[in-house]
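[1] turn this into a structure:
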Amino acid sequence: MNRDISINSEEAFINLDIDDCLALLATHEVGRLCVLDQGCPVAYPVNYRLVPSTTGNAAIAIRTRAHGILDRPSFASGFEIDGFDPLTATGWSVVLRGTLSHADAPGVPTWVRAWDPRPWLTHRDLWLYFLPTTITGRRLVAGTVEWAFSIHGYV
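    Residues are numbered from 1 along each chain as shown. Below you'll find the predicted structure:
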């Protein structure tokens with residue numbers, strides 16, 4: 001059946017608070033790590049684990065392969081997860097900005113390595129952690145969904 005969905009102009013973005021963003025990060029294990037590669041932004045899918053701390057901060061633990069694009073000294077980067085439902089035209093996203101570092105670098109909190117992100121691929125022995133400086137999120141709440149049926153769905 002061929003169905004078209006149209007949404008009226010009442011859709012809106014709702015900003016998520018930090019607790020909502022952290023809750024969404026805690027329920028997922030795959031995200032996109034965004035870095036500059038040869039001057040261009042690139043998003044790499046990675047397994048991750050949200051690492052809470054007792055001081056109220058949080059970090060993202062990542063294991064990847066050594067000598068890859070992510071195996072560099074500390075550098076500014078981004079991290080993103082999202083979800084959507086095409087039937088209701090709703091969705092959400094959480095975006096983090098911060099620094100990606102080696103987990104064994106001096107000054108890295110000892111609690112980071114206690115959380116294994118369980119990579120799906122083998123030979124992911126390089127531990128990294130992403131320490132966010134900002135965490136933002138938003139949810140798309142659609143207005144009234146109207147279903148427009150096509151005659152082609154009945155032929």
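
[2] and residue 20, helix, strand or coil?
    Following DSSP: H, G, I helix; E, B strand; the rest coil, the label given to residue 20 is helix.

[3] how close does it get to residue 76?
    25 Å (Cβ to Cβ, to the nearest Å). C-beta coordinates here come from the backbone N, C-alpha and C atoms, glycine included.

[4] neighbour-wise, which of those two wins?
    Legend: neighbour count by other Cβ atoms under 10 Å for residue 20 and residue 76, higher for residue 20 (16 against 12).

[5] can you give me the strands for the protein?
    Here the chain has its strands, by DSSP state E, at 3-7, 12-16, 30-37, 40-47, 49-52, 58-64, 75-85, 90-102, 126-141, 145-149.

[6] and residue 24, which of the ones you listed is closest to it?
    strand 90-102 (5.3 Å; Cβ to Cβ).

[7] so what are the sheet partners of the closest one and their directions?
    Neighbouring strands of strand 90-102 in its sheet, by DSSP bridges, are strand 75-85 (antiparallel), strand 126-141 (antiparallel).

[8] in stretch 64-75, which of the residues would be classed as buried?
    Neighbour-count burial for stretch 64-75 flags 64, 70 (criterion: 16 or more other Cβ atoms under 10 Å).

[9] got the end-to-end distance for it?
    Length of stretch 64-75, first residue to last, Cα to Cα, to the nearest Å: 16 Å.

[10] can you say which of the strands paired with strand 90-102 is nearest to residue 94?
    So among the strands paired with strand 90-102, strand 126-141 is nearest, using Cβ to Cβ, at 4.1 Å.

[11] now do the closest one against strand 40-47, angle only.
    Strand 126-141 and strand 40-47 meet at an angle of 100 degrees, taking axes from the mean of the first three to the mean of the last three Cα atoms, to 10 degrees as the criterion.

[12] any stretches of this structure with poor pLDDT?
    By pLDDT under 70, the low-scoring segments of the chain are 1-11, 53-56, 73, 105-124, 143-155.

[13] spatially, what comes nearest to residue 137 if we skip its sequence neighbours?
    residue 16 (3.5 Å; Cβ to Cβ, 6 or more residues apart in numbering).

[14] and residue 52, how many residues sit next to it?
    14.

[15] swap in residue 59?
    Neighbours of residue 59 using other Cβ under 10 Å come to 25.

[16] that one reaches residue 129, doesn't it?
    Yes. Counting by Cβ atoms under 8 Å, residue 129 is a contact partner of residue 59 at 4.9 Å.
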